[in-house]
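Participant: model this:
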Amino acid sequence: MTAAGPGPAPALDPAAPPLAAVRPAAAGGHRLARTTFASLSEPVFRWFFLGQMGQSGAMQLQQLLRGYLVFDLTGSFAALGVMSLAQAAPMLALSLPGGILADRLPRKHVVQAGQVVNVATAVVLAAVVAGGWLRVEHLIASAVVQGVVMSLMMPARQSMIPDIIPLSRLTNAIALNSAGMQSMRLFAPGAGGALTAWAGADWGYGVTAALYLVAILGIVPIPTRLTSPAPRDGASGARSPTGDALDAVRYITVDPTIRMLLAVNLVTVVLAMPYIIILPGFVETVFGGGAGSLGFFLSITGIGSLGGSLAVASLPDRRRGLLLMASSLLTGIALFFFAVSSSFWLSSLILIVVGVGTAGRLSLSNVLVQAYVEEGYRGRVLSVYMTQFSLLFIGAFFIGVLAEWFGVQRVMAAVAVALVVTSAAVIAFVPRMRELD
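Facilitator: I've put the predicted structure just below:
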């Protein structure tokens, strides 16, 4: 890794190849980069991948349990929205501090500290549910804790990928990382929903804690030196956290490619992702289903997401900006038909398409940001990028309130149309994005 200089970073030419094409891979890397599972040939990445599987499974199961329990206790879409806002507020407020931590401290240690808190939270909730003491306030408090942990931990975890894999395999590594997440999305919600329906939510939270332990242990073998930020020069090293934050804002402002990617991601996330949060209420209201049906829907979405992630892992580093927007467009079209469908099985098939589009959008947006950002700013820029999760929950809050007034199907359909229009407009009128490699 190389340290970034203290002065303003030069704006990148969108016509130039991304940084991933500049740094040479290890021996044989060019050949392996053309295969779908190339990055798994790196032992360190395999350990990272295992940890990611544990974390993804735990997050998917925790999201299912919290949404199901909140709606079960209240029967209110607005309550789902409030829960989302409780998680979003700390994520939005602390995202940039999380990026500063990722650019200053060993990223491995930051991630492990956050996972320890996640384990403790899951264990406490398991005990509260088992004791019959659960109230909505407990679930909202857990959402706040998870929002704090995610905001401080996730920039470091995402920044670890270029630390442990050659940048010439970046698309492949990030897409495989996403595929691992989606494979857990395929199995964890269905299994968790079935377990909750059969044994109770306390067992679901127990499994969540176990999966977070897997996430902790998965990155133990990764050498700390690989995940330590590059040494800074005297001026940069002496900068205060406030100076780091202002420096990151200035960098994003002057770099047109990073600025464009973050802006497009912000808009598409707000429109594309909130359906996940209000899905528990949608399943019960439209289909009369419970935890088992919700888990099935989340798992079926994972089938499409897994396929989409593996497809991205096999792609060459060309026209990735156009593919990103095409994925967003596909997601919007599929979400519209899902919103207006009242057939359980047709909706299940449509969610496979939603999964394909979502995987393409998430993987390619992450790849492009990581490929074009300068190393010295990676953690902080990724922290701004990771605010998509807080925006997801903020969007869900407003959609939950609107669903309470106008009906969940009408609101979901309207948001899907907005996503289609936005994606088509970017493809048609923003040539920098559609020409981005």
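
Participant: only C-alpha atoms for contact and neighbour calcs from this point on.
Facilitator: Fine.

Participant: identify the residue nearest Gln62 in space, chain neighbours excluded?
Facilitator: Thr208 (6.5 Å; C-alpha to C-alpha, 6 or more residues apart in numbering).

Participant: can you check Ile140 too?
Facilitator: Closest to Ile140 by C-alpha to C-alpha, 6+ apart is Met83, at 5.4 Å.

Participant: I'd say the one you found and Glu137 touch.
Facilitator: No: in this structure, Met83 is not within contact of Glu137 by C-alpha atoms under 8 Å, at 9.3 Å.

Participant: these two - which one has more neighbours?
Facilitator: Met83 (27 against 11; other C-alpha atoms under 10 Å).

Participant: do you know the pLDDT at the more buried one?
Facilitator: At Met83, the pLDDT value in this model is 79.

Participant: tell me the SS of the closest residue to Ser183 other than its chain neighbours?
Facilitator: Using C-alpha to C-alpha, 6+ apart and skipping the chain neighbours, the partner closest in space to Ser183 is Leu306 (5.8 Å). With DSSP: H, G, I helix; E, B strand; the rest coil as the basis, Leu306 sits in helix.

Participant: roughly how far does Leu306 sit from Ala339?
Facilitator: Noted for Leu306: a distance of 22 Å to Ala339, by C-alpha to C-alpha, to the nearest Å.

Participant: OK, contacts around the nearest residue to Arg380 once chain neighbours are set aside?
Facilitator: Spatial nearest neighbour of Arg380, excluding adjacent residues (C-alpha to C-alpha, 6+ apart): Gly99 at 3.8 Å. Gly99 sits next to Leu152, Pro155, Ala156, Arg378, Gly379, Arg380, Val381, Leu382, Ser383, Val384 when contact means C-alpha atoms under 8 Å, 6 or more residues apart in numbering.

Participant: ok, now how distant is Gly99 from Pro241?
Facilitator: Here the distance between Gly99 and Pro241 works out to 10 Å (C-alpha to C-alpha).

Participant: now do Pro43
Facilitator: Using C-alpha to C-alpha, Pro43 is found at 34 Å from Pro241.

Participant: same for the helix or strand hosting Gln115, what does it pack against?
Facilitator: Following DSSP states H and E, one finds Gln115 within helix 107-130. The elements that helix 107-130 packs onto, with contact taken as 3 or more C-alpha pairs under 8 Å, 6 or more residues apart in numbering; DSSP states H and E, are helix 77-104, helix 136-164, helix 201-218.

Participant: swap the cut-off to 6 Å and go again
Facilitator: The contact analysis (3 or more C-alpha pairs under 6 Å, 6 or more residues apart in numbering; DSSP states H and E) places helix 107-130 against helix 136-164, helix 201-218.

Participant: before we move on, the earlier item: tell me the confidence at the residue nearest to Ser183?
Facilitator: For Leu306, the model assigns a pLDDT of 79.

Participant: wait, which of the contacts of Gly99 is closest to Ala199?
Facilitator: Nearest to Ala199 among the contacts of Gly99 is Leu152, at 33.3 Å by C-alpha to C-alpha.

Participant: apart from its chain neighbours, what residue comes closest to that closest one?
Facilitator: Per C-alpha to C-alpha, 6+ apart, closest to Leu152 is Gly98, 3.9 Å.

Participant: quick check: the gap between that neighbour and Gly132.
Facilitator: With C-alpha to C-alpha as the criterion, Gly98 and Gly132 are 35 Å apart.

Participant: between these two, which one's more packed in?
Facilitator: Set side by side, Gly98 and Gly132 show more neighbours around Gly98, with 27 against 9, by other C-alpha under 10 Å.

Participant: that older thread, next up, the contacts around the residue nearest to Ser183.
Facilitator: Leu306 sits next to Ala179, Gln182, Ser183 when contact means C-alpha atoms under 6 Å, 6 or more residues apart in numbering.

Participant: quick one on the thing from earlier: need the buried ones from the contacts of Gly99 selected in PyMOL.
Facilitator: Remark: buried members of those, expressed as a PyMOL selection using 16 or more other C-alpha atoms under 10 Å:
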select buried, resi 152+155+156+378+379+380+381+382+383+384
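
Participant: export the contacts of Gly99 as JSON lines, with columns for pLDDT and distance to Ala79.
Facilitator: As requested, the contacts of Gly99 are exported to JSON lines (pLDDT from 0 to 100; distance: C-alpha to C-alpha, whole Å):
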{"residue": "Leu152", "pLDDT": "86", "distance to Ala79": "26"}
{"residue": "Pro155", "pLDDT": "85", "distance to Ala79": "29"}
{"residue": "Ala156", "pLDDT": "87", "distance to Ala79": "31"}
{"residue": "Arg378", "pLDDT": "83", "distance to Ala79": "36"}
{"residue": "Gly379", "pLDDT": "83", "distance to Ala79": "33"}
{"residue": "Arg380", "pLDDT": "85", "distance to Ala79": "32"}
{"residue": "Val381", "pLDDT": "87", "distance to Ala79": "32"}
{"residue": "Leu382", "pLDDT": "84", "distance to Ala79": "30"}
{"residue": "Ser383", "pLDDT": "83", "distance to Ala79": "28"}
{"residue": "Val384", "pLDDT": "82", "distance to Ala79": "27"}
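
Participant: hmm, which two among the contacts of Gly99 are most spread apart?
Facilitator: Greatest spatial distance in the contacts of Gly99: Leu152 and Arg378, 14.4 Å, computed using C-alpha to C-alpha.

Participant: still on that earlier bit, wait, the residue nearest to Leu152 sits on Met150?
Facilitator: No: using C-alpha atoms under 6 Å, Gly98 is not in contact with Met150; the gap is 8.6 Å.
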